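Peer 1: sharing a sequence plus its predicted fold:
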Amino acid sequence: MTDFTHADQYVEPVPPLSWDYAKRIRRKPPWDKDLALTTCRSGHTLRMTGDVHTIAADGTVTPSYVCVATGCTFHEMVRLVGWDPEHVFEYCDES
């Protein structure tokens, strides 16, 4: 299990093996399912969505996390350290 630490994903440089809550684009599908921004060991930052993943109360992500950046081989079970299952997500657009 690889732990991702909670860190701001909007400030450069983003630390490897880190995550932050996603700022959702809209309240309407499919944008209402974004869970987190995650950065793999190689520094690729991607959105984690509820269409693919679930996050347990302790931050454990299922299924395993695969970085889909071209050429990246990061594929591991991960835990988002500090995940709050009661987090209220921010939205970029209220529509």
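Peer 2: Here it is on my side, so go on.

Peer 1: and the pLDDT for the residue positioned nearest the centre of the chain?
Peer 2: Note on the chain: the residue nearest the mean C-alpha position is residue 36, at 2.8 Å, using C-alpha atoms, centre = their mean. In this prediction, residue 36 carries a pLDDT score of 95.

Peer 1: which other helices and strands contact the host helix or strand of it?
Peer 2: Element membership for residue 36 (DSSP states H and E) is strand 34-39. Packing partners of strand 34-39 (3 or more C-beta pairs under 8 Å, 6 or more residues apart in numbering; DSSP states H and E): strand 18-21, strand 45-49, strand 78-80. Placement of C-beta: from N, CA and C, glycine included.

Peer 1: do that again at 6 Å, thanks
Peer 2: strand 18-21, strand 45-49 (3 or more C-beta pairs under 6 Å, 6 or more residues apart in numbering; DSSP states H and E).
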